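J.: model the structure of this input:
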Amino acid sequence: MVKRSSAPWTVTDGRAGNVRQAVALSSALRQGTHRPLVLQPRAPWRWLSPRRLPGDVNGYGPDFAELAAQAPALAIGCGRQAAGALRVLRARGSRTVQILDPRLSSRHWDLVVVPEHDALRGSNVLTLIGSLNPVDDDWLTLGRAAFADFGALPGPRTALLVGGPTPLAPWDETAMVAVFTALAEQIQSEGGSLLATTSRRTPPALAEILRATFAHLPHVIWGDGGDGVNPYAGLLGWANRVVVSPDSVNLLSEASATRLPVMVALADTAQGRLARFQRQLHERGRLQTRWLDWQHDRIEPLRETARVAAEMHARLSLG
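T.: Numbers count the residues shown, from 1 in each chain. Have a look, this model is predicted:
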């Protein structure tokens, strides 16, 4: 019998948010360097996953079929496509951990990890506040070292993390421009600088307005394409405070994992699970309550990834 390596595989659809969560959990397990696999699902699995169909070992692309031929000891997946692929691996002997609600009974996986603001519960369901992420003191220290030149920017340094409108946070671009203006006026008045990042979901016109609004102030603004290496770890590592758009659990979870004061822009546009998550953070005292009135009392970072990893070790008896 071929011995299976204990190092986990991460199985995702390649979407940045899903990859980030799977890799963060895999790294926190300290079971060796994870090995990534990006699925290439074809019809009908692309539509019907995580339901199983005959021949599904070949339904997620040739790389997955090769992996399934010698199923790994442990596979960690995130997202709906991964949930279906993990079912195939589990049937072949892998222990499987699904991140995010698969919309089927949790019994089809060894463990399922979901945020508390989702409804799924069960004996093999682990819950956390927010989303899995790599942010801890070591990660922030490495970010500062990798982008040491950010330390020359005047303080206080405000990190601004901008996503894009979604059905659960349908914020208005004009309202976000007003946020940019208010923040620029504060920096102009008290000194300091801006460390900003946009995402693939940020409307291009809004990204251009962001650049124009802060053109006369000390700043670093990174967009998704054309701006070189993503300095995200450096932005959070060197910031003194953080402003986050209301549309992303991942962005807000990562900001809250720092020891910095965090504020949500246009918070009242959040609905459903996004609003529930914000309420959880307010209850923990993790969010600022008054707009641009920064409080720097002792802040307890929200760091759930290590706790979930420890629970996985115990539940799955990982060596």
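
J.: surely residue 318 forms part of a strand?
T.: No. Residue 318 is assigned coil when assessed by DSSP: H, G, I helix; E, B strand; the rest coil, not a strand.

J.: how much space between it and residue 154?
T.: Distance of residue 318 to residue 154, given as CB to CB, to the nearest Å: 46 Å. For the C-beta atoms, the positions are set from N, CA and C on the backbone; glycine is no exception.

J.: more neighbours: those two, which one.
T.: A direct count of neighbours by other CB atoms under 10 Å for residue 318 and residue 154 places residue 318 higher, at 16 against 11.

J.: for that one, give me the pLDDT.
T.: Residue-level confidence at residue 318 comes out at 85, pLDDT.

J.: try residue 228
T.: pLDDT, residue 228: 68.

J.: buried sites along the helix or strand where residue 26 lies?
T.: Using DSSP states H and E, the element containing residue 26 is helix 16-29. Buried positions in helix 16-29, judged by neighbour count with 16 or more other CB atoms under 10 Å: 17-29.

J.: packing partners of that helix?
T.: strand 9-12, strand 74-78, strand 95-99, helix 249-256, helix 305-316 (3 or more CB pairs under 8 Å, 6 or more residues apart in numbering; DSSP states H and E).

J.: show the average pLDDT along that helix.
T.: pLDDT averaged over helix 16-29 gives 94.

J.: pull the residues that contact it.
T.: With contact meaning CB atoms under 8 Å, 6 or more residues apart in numbering, helix 16-29 is reached by 8, 10-12, 34, 36, 76-79, 82, 97, 99-100, 113, 131-134, 200, 248, 250, 305-306, 308-309, 312-313, 318.

J.: how does it look with 6 Å?
T.: 8, 10, 12, 34, 76, 78-79, 99, 131-134, 250, 305-306, 309 (CB atoms under 6 Å, 6 or more residues apart in numbering).

J.: how far off helix 249-256 does that helix point, in degrees?
T.: With axes from the mean of the first three to the mean of the last three CA atoms, to 10 degrees defining the directions, helix 16-29 sits at 50 degrees from helix 249-256.

J.: measure the nearest residue in space to residue 144 that is not next to it in sequence to residue 114 for me?
T.: What sits nearest to residue 144 in space, not counting adjacent residues and going by CB to CB, 6 or more residues apart in numbering, is residue 237, at 4.0 Å. According to CB to CB, residue 237 and residue 114 sit 29 Å apart.

J.: neighbour count: those two, which is higher?
T.: Set residue 237 next to residue 114 and count neighbours by other CB under 10 Å: residue 237 wins out with 25 against 21.

J.: and the more buried one, helix, strand or coil?
T.: helix.

J.: quick one: contacts for it?
T.: Residue 237 touches 140, 143, 144, counting by CB under 6 Å, 6+ apart.
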